[in-house]
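Participant: Need coordinates for the following:
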Amino acid sequence: GYDEYVPIPGDAAIQMSQMLAKTQGIFTGISGGASMYAAVEMAKKAPEGSVLVAMLADTGERYLSTPLFASISADMNEEELEISKSTPSFQL
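Facilitator: Numbering: from 1, shown residues only. As a prediction, the model looks like this:
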């Protein structure tokens, strides 16, 4: 196994949670953002071909009424609507 402590600076966990929601559709809370931040930092120094696993064990649902996701619109933008239309049997 491989263990290492990865400090999470300032708002990095929050920023990663927001980035995951905006760009990947992964809705996780602050601890999930911290886990992904640590995984990204480990991936930067891992040997080529390494396999890393990050468990994002919390959901962002309880943060809906907090500033964490205030900058993310609940409605789809034009690009997201077009993507949705490309799969007519799976539209929300």
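
Participant: And E41, what's its pLDDT?
Facilitator: With respect to pLDDT, E41 has a value of 95.

Participant: helix/strand/coil for the closest residue to it other than its chain neighbours?
Facilitator: Distance criterion CB to CB, 6 or more residues apart in numbering; nearest residue to E41, sequence neighbours excluded, is V6 at 5.4 Å. Bear in mind the C-beta positions are built from the backbone N, C-alpha and C, glycine included. What DSSP: H, G, I helix; E, B strand; the rest coil gives for V6 is coil.

Participant: Next up, the contacts around V6.
Facilitator: Y37, A38, E41, M42 (CB atoms under 8 Å, 6 or more residues apart in numbering).

Participant: can those residues go into CSV with extra columns for distance to K85?
Facilitator: Shown next, in CSV, are those (distance: CB to CB, whole Å):
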residue, distance to K85
Y37, 34
A38, 37
E41, 37
M42, 38
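
Participant: mind listing which of those are in strands?
Facilitator: Using DSSP state E, no member of those falls in strands.

Participant: which one of the residues you listed has the most neighbours?
Facilitator: For the contacts of V6, the largest neighbour count, defined by other CB atoms under 10 Å, is 23 neighbours, found at Y37.

Participant: Surely that one and A13 touch.
Facilitator: Yes: between Y37 and A13 a contact is recorded at 6.0 Å, counting by CB atoms under 8 Å.

Participant: Excluding sequence neighbours, find me the nearest residue to I26.
Facilitator: L20 (4.1 Å).

Participant: distance of K45 from P9?
Facilitator: Using CB to CB, to the nearest Å, K45 is found at 16 Å from P9.

Participant: cool, M42 as well?
Facilitator: 15 Å.

Participant: Quick one: residues contacting the residue positioned nearest the centre of the chain.
Facilitator: Nearest residue to the geometric centre of the chain (CA atoms, centre = their mean): L20, 2.4 Å. When contacts are counted by CB under 8 Å, 6+ apart, L20 touches I26, F27, T28, G32, G33, M36, L56.
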